[in-house]
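Asks: just to be clear, the model below is a prediction. Sequence and coordinates:
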Amino acid sequence: MNDPILDSATGVATGLEAIAAEAVERARRAGADQAEACVESSRSFSVEVNGGKIETLKQSATRGLGLRVMVGGAVGFVSSNDLGGERMEDLARRAVALARLPTPDPANALPTPAEAGEAGGPDLELLDPAVVALPAETKIEMALELERVALAHDPRIRRTDGAHVSSGSGTSVIANSLGLKRSSSGAAVSAYVVPLADDRDGKQQNGAYGMSKRRLSEMPAMEAIAREAASRAVARIGARPVATARVPVVMHPDVAGSWIAEMLDAFSAESVIKKASWLTEKLGATIASPLVTLVDDGRLKRGVGSGPHDGEGVATRRNVLIERGVCAMFLYDTYHARRAGTRSTGSAVRGYSSVPGIGFHNLCLEPGGDSPEAILRKADRGFYMTDQGSFGFNSVTGDYSFQAQGFWIERGEKTFPVEGVTVASNSLDMLRNVAAVGNDLRWEGSVASPTILIAGMTVSGGGA
Amino acid sequence: MTTTSLRALGDLLALLPRELAAELLEIAREKGADFAEVYGEQSVHTGFSYEENRLKTSSYSVTQGVGVRAVIGDQTGYAYADGFSPDDLREAARVAARIARGAPANGRPKAFRVVDAPWPFRLERPAPLALDEHGKIELVERANHTARAHDPRIHEVSVSLGDSSKSFVVASSDGLWAEDRQFLSRLTVSSLALEGSERQEGYATGGGSVEAAYFEAERTPEEIATEASRTAITLLGAREPEAGVYPVVVSPGWGGVMVHECFGHSMEGDTIRKQTSIRASQMGQLVASKGVTIVDSGIVPFSRGSFRVDDEGTPAQRTVLVENGILCGYLWDLLNARITGNRPTGNGRRSSYRAVPLCRMTNTYIEPGPHSPEDLIADVKRGLYCKSMGGGSVNPADGNFSFQVTEACRIVDGKLAEPVRNATLTGNGSDAMLKIDAVANDLEIDGSTGSCGKDGQWKPVGVGQPTVRFREITVGGTST
């Protein structure tokens, strides 16, 4: 019997340990020196509402196995969502056959239970029974309310690009042939809406807002989310470019959060070892203003990115990447830790269908003392960047160049809306130029930053 | 098709026989849905990655299962099951059916009629099947060797070969039954150049829905590797772009990512039906400069964006979106075509059985114009020539777009001048195509690079264009 049973009342899947143990055992018998199985099972629900009714209702239960094996220091990896006994035997043999192809590398090894650290620890409160038990009808009503409130907010909002509510729960098990066994379960609920406001010449402005939460009680009222999203859309009406200039830039928490997430790759030991990181020579050096402290915390209570262990079963922890301006550490998984003669920082991330790679859990720029209003006053005259395009970061050089939207700042106050500009600099210059850090840190996902002020960036546009 | 591929589809047909598909469609219409659809898929991905001068991992993944969709009016219920256990599939059909709240749909479901679409091109020896592990590893090793040998300043090279073989069956309550097998291969090389404290990366890809021989005859690992290393070395000496608004010439091929983002997304049927696109009211109007013709075609030979039938069973076709500047056609998937009374254009695509089909582009490109590419540059006093583009994105509602330009050079007095790195182009899709002031005669379609994301679903796409000049674009940079 290889089917994990996911209990819809508790959100916890059982039977995954047995599947993981069987996969590891089959791989060992097929000739693997070491083997690691990752088994996941999850359930999810999503609803999208548009024009006052359900547009799409989706429900699913999914599962899968990833099997990583090592033969003579070389790695083979297979994954499948077909977990029948015959299939598993085939997968195990295939994994071992694949592991005979790569070049052996003595640093390839799985963590022992001792290296992985204690299982358990304080409850991170990742599985809220209220999220698991939330009825479909309630989620549909939440989405309908999101859209209703957004549409009623302003006559210029006549439609939305959808109101979305989703929830999911699941269990993940990691087991390896060195005796490591780890299991964790979690649930989350998300809600967001994208109102569209009429602008000139048939153009529309959008304002998206929403968030993910582990606890239902931490999810704000749908009305509050919808009002924020609608205000964002309306505030953009009439946006125009400004002239090219080097000015102070105030980054909204969303924009600052995207920037710190883009920078994360530079802290990955993999990039550093390959010299592909712009921080390669910077460990221990002052790389930022003393106002900057950057933390990745895998054990943040109720954190959307939290988990007791990482993708290899190693205990997660709080990693301080930049401490008051100093580049304090890099992030390691087991392989790169062995390469560098150090220990894993619990930073392996993965889904069942991929080999572990280095990533973050809950990434955060620690808050400072200024209110967002005080930061605008400090900027005096410049650009308040509230939104950005998707591509514009060079992870090798740290160069930053994004299409941007926001507001012009004049005499310390937000004035007219701006679009059609780009904002450019280099991350090292930006880090050194952080001139203020806000007190407005809020967790709305797995990345969070307060409002920040960067003393000078190039804003380019064709405006007057 | 090869015998291997036929046998693999045979497995899928045995797991999801017609009788079971018919039963699932009936269950999905139990509550009154006026359309139901079953989509069964088996996909195999293999990957080989070469880093730090050694083969680092080899991988193999299987994803298989069935998605069931029930539609009533413009409302969709969707559920899926991993694998093919009939009980799991029946449960998925029951869940999807709940979008409707009434009595069973009237009438017997129609008997299945097999979609008989022509093959836009045939693969005799598709690369994912015809090359074995050793053949694939050899391609990766050759690329690694050439990329490193290019220049002593190349410090690190990463090469990966990823491929997929996907079989699917789609059956609907309208009596449609379609089967297809799709193959994709992609070889990617990334070269890191170091000089003093400077570091720059170059990147190149090859592949598509190609024969094994493609990597010998069309685009070799050596060519891909050389392009990646050459770019990295060129960027070492490149200067920062001048920020401002001025003429921009974009190179052929992958440069077409601009028409995909700036224009193509706003032509997708979902945004037209919901009127969230500025194009919804522009049929028959001038939306691009005279002389600009824009096409979306799912039948471009050997491209990543091509197929025989889409993921809803509609045959691929060539759709003209803009003819000589005038908007003349939209892209339609089944659902949005059905609601608006249009004919589907073969643009219903989904990332897997786990996802609802969406209206998506296939291969989107600008048709060639009369000019020579040199003429486009010769007329520019001061501007930017974009040699290779990185990623791009657009916000469909407000039309704001941006592109990363990985390698460019200045144009000074009609001639290409020094290399420029790290430029970003930005503007608004509403008038970007109207700013094109010349189209050259050197059309290239890049069918090996692109993946497009929409609502969290990634699909392979082709993009293309001849050399194109924009009268002015906002260029982001740090020097003013």
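Replies: Thanks, I have the structure now.
Asks: quick check: bridge partners of the residue in the stretch 351-464 of chain A that chain B sits nearest to?
Replies: With Cβ to the nearest Cβ as the measure, A:T422 is the residue of the stretch 351-464 of chain A nearest to chain B, at 2.6 Å. Backbone N, C-alpha and C define where each C-beta goes, glycine included. On the basis of DSSP bridges, A:T422 is bridged to A:Q403, A:S460.
Asks: could you report the neighbour count for it?
Replies: 31 (other Cβ atoms under 10 Å in any protein chain shown).
Asks: same check, this time on B:N400
Replies: 27.
Asks: give the contact list for it.
Replies: A:G389, A:Q403, A:Q405, A:E419, A:G420, B:V394, B:T426, B:G427, B:N428, B:G429 (Cβ atoms under 8 Å, 6 or more residues apart in numbering or on different chains).
Asks: check whether the third one really touches A:T422, as I assumed.
Replies: It refers to A:Q405. No: contact status for A:Q405 versus A:T422: not in contact, 10.7 Å apart, counting by Cβ atoms under 8 Å.
Asks: stretch A:287-296 vs chain B: in contact?
Replies: No: judged by Cβ under 8 Å from any Cβ of the partner chain, stretch A:287-296 and chain B are separated, with a smallest distance of 13.7 Å.
Asks: per-residue pLDDT, the residue of the stretch 51-200 of chain A found nearest chain B?
Replies: Closest to chain B within the stretch 51-200 of chain A is A:T103: 3.5 Å, counting by Cβ to the nearest Cβ. The model reports A:T103 with a pLDDT of 90.
Asks: tell me if it really is in a helix.
Replies: No: counting by DSSP: H, G, I helix; E, B strand; the rest coil, A:T103 falls outside a helix, being coil.
Asks: contacting residues around the residue nearest to it when sequence neighbours are not counted?
Replies: Spatial nearest neighbour of A:T103, chain neighbours left out: B:R54 (3.5 Å); criterion: Cβ to Cβ, 6 or more residues apart in numbering or on different chains. Residues near B:R54 by Cβ under 8 Å, 6+ apart: A:P102, A:T103, A:D105.
Asks: from A:A276, how far off is B:R54?
Replies: Applying Cβ to Cβ, to the nearest Å, the value for B:R54 to A:A276 is 16 Å.
Asks: okay, domains of the chain per the record?
Replies: Since you didn't name a chain, this refers to chain A. A:5-230, A:239-464 (automatic domain parsing).
Asks: sorry, I should have been clearer: chain B.
Replies: For chain B, the structural domains run B:3-236, B:244-476, going by automatic domain parsing.
Asks: export those to JSON lines and tack on mean pLDDT?
Replies: Compiled in JSON lines, the domains of chain B are given as follows (pLDDT from 0 to 100):
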{"stretch": "domain B:3-236", "mean pLDDT": "93"}
{"stretch": "domain B:244-476", "mean pLDDT": "94"}
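Asks: could I get the ones you listed in TSV, plus columns for distance to A:G238?
Replies: Output for the domains of chain B, formatted as TSV (distance: least, Cβ to Cβ, whole Å):
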stretch	distance to A:G238
domain B:3-236	32
domain B:244-476	12
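Asks: looking at the ones you listed, which is buried most?
Replies: Of the domains of chain B, the one with the most neighbours on average (mean count of other Cβ atoms under 10 Å in any protein chain shown) is domain B:244-476, at a mean of 22.
Asks: which of the contacts of B:R54 count as buried?
Replies: A:P102, A:D105 (16 or more other Cβ atoms under 10 Å in any protein chain shown).
Asks: would a markdown table of the contacts of B:R54 with distance to B:A127 be doable?
Replies: Shown next, in a markdown table, are the contacts of B:R54 (distance: Cβ to Cβ, whole Å):
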| residue | distance to B:A127 |
| --- | --- |
| A:P102 | 21 |
| A:T103 | 23 |
| A:D105 | 28 |
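Asks: and stretch B:44-59, end to end?
Replies: End-to-end distance for stretch B:44-59: 10 Å, by Cα to Cα, to the nearest Å.
Asks: repeat that for stretch B:293-300.
Replies: Stretch B:293-300 stretches 16 Å from its first residue to its last (Cα to Cα).
Asks: residues in contact with it?
Replies: B:120-121, B:259, B:263-264, B:267, B:288, B:305-307, B:310, B:316-324, B:331, B:345-347, B:361-367, B:433, B:445, B:447, B:462.
Asks: which of those fall within strands?
Replies: B:R318, B:T319, B:V320, B:L321, B:V322, B:E323, B:N363, B:T364, B:Y365, B:I366, B:I445, B:G462 (DSSP state E).
Asks: what is the most widely separated pair among the residues you listed?
Replies: B:E323 and B:G462 (20.3 Å; Cβ to Cβ).
Asks: near chain A, which residues of the stretch 51-200 of chain B?
Replies: Selection of the stretch 51-200 of chain B residues close to chain A by Cβ under 8 Å from any Cβ yields B:51-52, B:54-65, B:74-83, B:92, B:95, B:98-99, B:133, B:137, B:155-156, B:192, B:194, B:197, B:199-200.
Asks: A helix includes B:D11, no?
Replies: Yes: according to three-state DSSP, B:D11 belongs to a helix.
Asks: quick one: residues contacting it.
Replies: B:Q42, B:S167.
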